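Participant: A structural model of the following input is requested.
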Amino acid sequence: MNKITMLGTGSATVFHIYNTCFVLSTDTTLLLVDAGGGNGILTQLDKAKISISDIHHLFVTHAHTDHVLGVIWIVRMVAQCKGYEDKLHVYGNDKVMKVVRTIIDMILAKKQLAKVEERVVFHELTDGENFNVGDIQMTCFDIHSTKEKQYGFRAVLPDHTILACLGDEPYNHANRPYIENADWMMCEAFCLYADRDTFKPYEKSHSTALDAGRLAAELHVKNLILYHTEEKTLATRKDCYTKEAAIGFGGRIEVPDDMETIKLNG
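Facilitator: Residues are numbered from 1 along each chain as shown. Now for the predicted structure:
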């Protein structure tokens, strides 16, 4: 079964939910996408009943703290996991690779670093590169961030379902070929458009639920997943974000909570 497990759905400065990261899985492949801002990733994986020994693929979108620091913990745990088999493959752009390798080299013990060299393979990706993660066909693309070099991706699953992940900043028209007509689009929605004066999404290079719904309609995608939100409206987030996105989009809309699983079908 193809599915996404949202380990975290929050933006950078959240306290009551975890930073946005998720697991994309098929019957034979598990891909962790980002890891949040600290060792809370270990708690989230434990809640999802995912062992470190199950993680062999990790895609890192960009090097902001709320996405990359948890990666250090994953690498450390792989290094010290007894009986870890095969390799951990870490995928990301050149900036991600530099940040992760620099932090690891500075803080891990010599024994751990030796295990990293033995167990971890770092794949520096370029814009538009195609690669396989198990039975998932991946294409990464530069989202043309105004703040930090960041890659999204297009994933073709074994049943030919297409998932497009846009990263955590607004859509750039240059990426239309990767996203248009996808079965699923994952898009950040920092807040409601109705709350834009409170949360100031546009000043922070983010979008709203209304923007995401209109974009989904423009790109003719079938299903929309919203994530990377503020946390002050958690009690009403699922209902209100869904209703606002639906103003411009008639397809299925998912506004998941942390630890929620979404079954993917074409």
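Participant: And the nearest residue to residue 12 once chain neighbours are set aside, how close does it get to residue 120?
Facilitator: Counting by Cβ to Cβ, 6 or more residues apart in numbering, residue 12 lies nearest to residue 66, which is 4.1 Å off, once chain neighbours are set aside. C-beta coordinates here come from the backbone N, C-alpha and C atoms, glycine included. Distance of residue 66 to residue 120, computed by Cβ to Cβ, to the nearest Å: 22 Å.
Participant: Settle it for me: which of the two has more neighbours?
Facilitator: residue 66 (24 against 19; other Cβ atoms under 10 Å).
Participant: gap between the one helix or strand the more buried one maps to and the chain center?
Facilitator: Using DSSP states H and E, residue 66 sits within helix 65-80. Taking Cα atoms, centre = their mean, to the nearest Å, the mean C-alpha location of helix 65-80 is offset from the chain mean by 15 Å.
Participant: those helices in the stretch 101-250 of the chain, which residues are they?
Facilitator: Secondary structure of the stretch 101-250 of the chain (DSSP state H, counting those that start in this stretch): helices at 110-119, 176-179, 196-199, 209-218, 234-245.
Participant: Now the element after the last one, going C-ward?
Facilitator: Counting by DSSP H and E, the element after helix 234-245 in chain order, helix or strand, is strand 252-254.
Participant: From the contact counts, what lies against that following strand?
Facilitator: strand 223-227, helix 234-245 (3 or more Cβ pairs under 8 Å, 6 or more residues apart in numbering; DSSP states H and E).
Participant: That strand pairs with which strands?
Facilitator: In the sheet, strand 252-254 lines up against strand 223-227 (parallel) (DSSP bridges).
Participant: Contacts for the strand it pairs with next, please.
Facilitator: 4, 6, 9, 20, 22, 183-189, 209, 212-213, 216, 241, 245, 249, 251-256, 262 (Cβ atoms under 8 Å, 6 or more residues apart in numbering).
Participant: Pull out the buried residues from the residues you listed.
Facilitator: Buried members of these, counted by 16 or more other Cβ atoms under 10 Å: 4, 6, 9, 20, 22, 183-189, 209, 212-213, 216, 241, 245, 249, 251, 253-256, 262.
Participant: Check the model's average confidence along the helix holding residue 66 for me.
Facilitator: Average pLDDT, helix 65-80: 98.
Participant: Just the buried residues of it, please?
Facilitator: Buried-residue list, helix 65-80, by 16+ other Cβ under 10 Å: 66-79.
Participant: Pretty sure residue 57 is one of the things residue 133 touches, is it not?
Facilitator: Yes - counting by Cβ atoms under 8 Å, residue 133 does reach residue 57; the two are 4.8 Å apart.
Participant: any shared contact partners between those two?
Facilitator: Common neighbours of residue 133 and residue 57 (Cβ under 8 Å, 6+ apart) are 29, 31, 89, 91.
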